[in-house]
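Enquirer: structure, please.
(chains A, B, C and D)
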There are 2 protein chains.
Amino acid sequence: MVSDFLNEQGFRVTKEADGQAAIDKIGRETFDAVVLDIGLPGADGFEVCRTVRPKFSGPIIVLTARGEEIDEVIALEVGADDFMAKPVRPRALLARLKVHLRRGDTAISEMVSDAVVVGDLRIDEKSRSVLAAGRNVELTTAEFDLLLYLAKRAGKVVERKSVYVDLLELPYDGLDRSIDLRVSRLRRKLGDDPTQPTRIKSVRGVGYLMAKPS
Amino acid sequence: MVSDFLNEQGFRVTKEADGQAAIDKIGRETFDAVVLDIGLPGADGFEVCRTVRPKFSGPIIVLTARGEEIDEVIALEVGADDFMAKPVRPRALLARLKVHLRRGDTAISEMVSDAVVVGDLRIDEKSRSVLAAGRNVELTTAEFDLLLYLAKRAGKVVERKSVYVDLLELPYDGLDRSIDLRVSRLRRKLGDDPTQPTRIKSVRGVGYLMAKPS
DNA sequence: TCGAGCGGACACAGATTGGTTACAATCAAG
DNA sequence: CTTGATTGTAACCAATCTGTGTCCGCTCGA
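Expert: Next up is the predicted model:
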């Protein structure tokens, strides 16, 4: 019913009865907004929301069972932008959808938190800019991606292989210098002495470690 | 009851039983948020909202009578940020309040101004006119749309794909230069040197970034 | 102490990417 | 229907980036 109504209102609507199917579809195609029913088979609404939130930047509206306060609180916690109690009143849903779409506000910004801060490094994912000790640092795409990757895992040793696979999106052949090189260039731009690195430490035989200030 | 609950939760709450009184109070004192019941004597919730909106920049949440769709639609139109059906469930209200306060989003920006300003650029959506450093700039439709799109997202890197999909309303095939071309022409008209752009920066491998003055 | 292995770094070259021009298709106004 | 503006496609070019190959120095274990 909701689907039909929105369709009449000029939205192009895709329905999905199963949670997992929805996750897949959202990953593959592009949508402006997602309306989620909590009580889905496969993967429930929360699950879908949690999974999809980091990838999907538009508004997510969750339909909760009537009067279930807990649901609503959880929904917001897993990154939904809004929730409505069932039974759904189409016009109200429409109003909300419009507000969110127009305003372009979404919880993704806070969930994914667009600035990663590690020590005196401040990495803004949205503007792809980096401040080191308050000073702006110009990085290339590959360098930025690497830095972001490491910074998000600050305090953990990341294997060279993982970095390679995740960043290059290629299978790892084992004899590769490209990550080292990226690190090398990155260190230079960040003013990190490779023999005595403060920020990105090498872990021999394993990979790298972005130092987290204690 | 709502008031008491929020008080317990650490909010400092001021109650007002009469609409006009509320308007006065909001004008005189400073509040972080406003929760409005539609069915107030004196001036009803809509009236309060309309009057107060231009002055008050925080979130306004409206409590509507159960299931009154029309109310909700109107509420949003007069500038409320959110609405909830009565009877009020305190925890849900709390959740919403927190979201709005944290996100700091409010309908005021769209209500009050219809011109997007970025640095010395002033883009009037209504009249589709653009001022750059006080000087009028003639743009074509496509150029204006692009500029507006970027300006609304100033400070964020927008993917070439998103621009394409949102502006052209076509699926993105990956090998497209039309956006680049638009950017190129736009830069020229705005007097932005492509090799050292001040306004629209290219982010290699990702997209474009409209520079926001810090 | 010596040697093997690993990581750092340089230079170069191929690849990718974005800017731009020219031209064709499309659109809009008269 | 004609004409001029607008917009996208194709093609070309230039710049930048990024990885491979390579060499060197350091580290660790024997």
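Enquirer: tell me the pLDDT at the closest residue to A:Gly119 other than its chain neighbours?
Expert: Here the nearest residue to A:Gly119 in space, its sequence neighbours aside, is A:Pro213; by C-beta to C-beta, 6 or more residues apart in numbering or on different chains that works out to 4.3 Å. Bear in mind the C-beta positions are built from the backbone N, C-alpha and C, glycine included. If you check A:Pro213, the pLDDT there is 75.
Enquirer: so how far is A:Leu63 from A:Pro213?
Expert: In this view, A:Pro213 and A:Leu63 are 43 Å apart by C-beta to C-beta, to the nearest Å.
Enquirer: the two - which one has more neighbours?
Expert: For A:Pro213 versus A:Leu63, the count of surrounding residues by other C-beta atoms under 10 Å in any protein chain shown is larger for A:Leu63: 20 against 11.
Enquirer: does that one belong to a helix, a strand or coil?
Expert: With DSSP: H, G, I helix; E, B strand; the rest coil as the basis, the three-state label of A:Leu63 is strand.
Enquirer: thought A:Lys15 was touching A:Leu6?
Expert: No: assessed by C-beta atoms under 8 Å, A:Lys15 is found out of contact with A:Leu6, at 10.2 Å.
Enquirer: what are the ranges of the helices in chain A?
Expert: For chain A, the helices identified by DSSP state H occupy A:2-8, A:19-28, A:45-52, A:69-77, A:90-103, A:108-111, A:141-152, A:160-168, A:178-190, in order along the chain.
Enquirer: least confident of those helices, on average?
Expert: Taking each of the helices of chain A in turn, the one with the lowest mean pLDDT is helix A:108-111, at a mean of 47.
Enquirer: please identify which of A:Lys15 and A:Leu6 sits among more neighbours.
Expert: Summary of the neighbour comparison: A:Lys15 and A:Leu6, criterion other C-beta under 10 Å, with A:Leu6 having more neighbours (18 against 12).
Enquirer: for the more buried one, which non-adjacent residue is closest in space?
Expert: Distances taken as C-beta to C-beta, 6+ apart put A:Val13 closest to A:Leu6, at 5.1 Å, once the chain neighbours are dropped.
Enquirer: got it, and A:Val2?
Expert: With sequence-adjacent residues excluded and distances taken as C-beta to C-beta, 6+ apart, A:Val2 is closest to A:Val88, at 5.5 Å.
Enquirer: pLDDT value on the one you found, please?
Expert: The per-residue pLDDT reported for A:Val88 equals 79.
Enquirer: from what I see, it and A:Val62 are in contact.
Expert: No: assessed by C-beta under 8 Å, A:Val88 is found out of contact with A:Val62, at 11.2 Å.
Enquirer: nearest the geometric middle of chain A, what residue?
Expert: Within chain A, one residue has its C-alpha closest to the average C-alpha position: by C-alpha atoms, centre = their mean, that is A:Pro54, at 2.7 Å.
Enquirer: next one: that one from B:Arg135, what distance?
Expert: Remark: distance between A:Pro54 and B:Arg135 (C-beta to C-beta) = 42 Å.
Enquirer: can you check A:Ser202 too?
Expert: Noted for A:Ser202: a distance of 53 Å to B:Arg135, by C-beta to C-beta.
Enquirer: who has more neighbours, those two?
Expert: A:Ser202 (16 against 9).
Enquirer: now do the contacts for that one.
Expert: Applying C-beta atoms under 8 Å, 6 or more residues apart in numbering or on different chains, we find A:Ser202 in contact with A:183, A:208-209.
Enquirer: nothing else from me, thank you.
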